[in-house]
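Chemist: Prediction below, plus the sequence it came from.
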Amino acid sequence: MDCRPISLLSTQTVETLSAELGAALDRRRFRANLYVDWQGRDGYYEDSLVGRRLRIGDRLQMQVLERDPRCKMITLDPDTAEISPRVLRHVSRKHEGYTGVYAAVLREGVVAEGDEVEIL
Amino acid sequence: MKSRFLSYPSCFSVVLDGVEHEVEYTPGATLLDCMLTAGLDAPHLCQEGHCGTCMSVLRSGEVVMRENMVLSQRDLDAGYVLACQSVPTSDAELRLDMDT
């Protein structure tokens, strides 16, 4: 369900879940607005940024609001729509049902792939 | 006023994490309620019928879901039910598979 302006998810989190489930997960399954590479951080690092501000690129600033509670949508393969309920079951059991974070825009800005993400 | 007597099984089986369990059924309770009462680590989150965490395949038996805000017709046709919303409507053997 869409209840916040921006969702953000790291590639490290997708890799963590893939390892935990023993299957490569397509990050598109999690339908984030922004995918971030924290370069060297562990999965679910973005959870620690709740309450922090981020700057992406030259201008965009966002406030990380809360962890993103997941639902049945992550059980669907983004290409085939094949259902894998075990993905959500795993997220609920091992990560309290959360994957990724929600954020709100504080200052608008145009971003592009490759832009640096700065934690303010 | 029409009333309808619903029968129910005394127990049901559930496959969870590769193990089949026999769970006592409490009249009026949902399948998830009974599993949690029995001490099973049944996956669940909202318990309101909108997240889908407890979606399971009903291998046999009959249930009605109090709410369903997440299962599509395709899911229902495939036999999925929400354990947190499902209440038996007959005393037919009820088998649930949470390992789908």
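Modeler: Now that the structure is in, tell me what you want to look at.

Chemist: got a list of what the residue minimising distance to the centre of chain B touches?
Modeler: Compute the mean C-alpha point of chain B, and by C-alpha atoms, centre = their mean the closest residue is residue B:83, 3.4 Å away. When contacts are counted by C-beta atoms under 8 Å, 6 or more residues apart in numbering or on different chains, residue B:83 touches B:30-32, B:35, B:42, B:44, B:54-56, B:96, B:98. From N, CA and C alone the C-beta is placed, and that goes for glycine too.

Chemist: Closest to residue A:32 out of these?
Modeler: residue B:55 (22.7 Å; C-beta to C-beta).

Chemist: element containing residue A:19, please.
Modeler: Element membership of residue A:19 [criterion: DSSP states H and E] is helix A:11-21.

Chemist: I'd like the next helix or strand past that helix.
Modeler: Using DSSP H and E, the helix or strand that follows helix A:11-21 in sequence is strand A:34-36.

Chemist: so what's the residue of chain B found nearest chain A closest to, chain neighbours aside?
Modeler: For chain B and chain A, the shortest gap (C-beta to the nearest C-beta) falls at residue B:52, measuring 2.9 Å. Leaving out its chain neighbours, the residue that sits closest to residue B:52 by C-beta to C-beta, 6 or more residues apart in numbering or on different chains is residue A:72, at 2.9 Å.

Chemist: If you tally nearby residues, what's the number for that neighbour?
Modeler: The number of residues packed near residue A:72 is 22, by other C-beta atoms under 10 Å in any protein chain shown.

Chemist: That one is in contact with residue B:54, isn't it?
Modeler: No - counting by C-beta atoms under 8 Å, residue A:72 sits too far from residue B:54 to count as a contact (10.3 Å).
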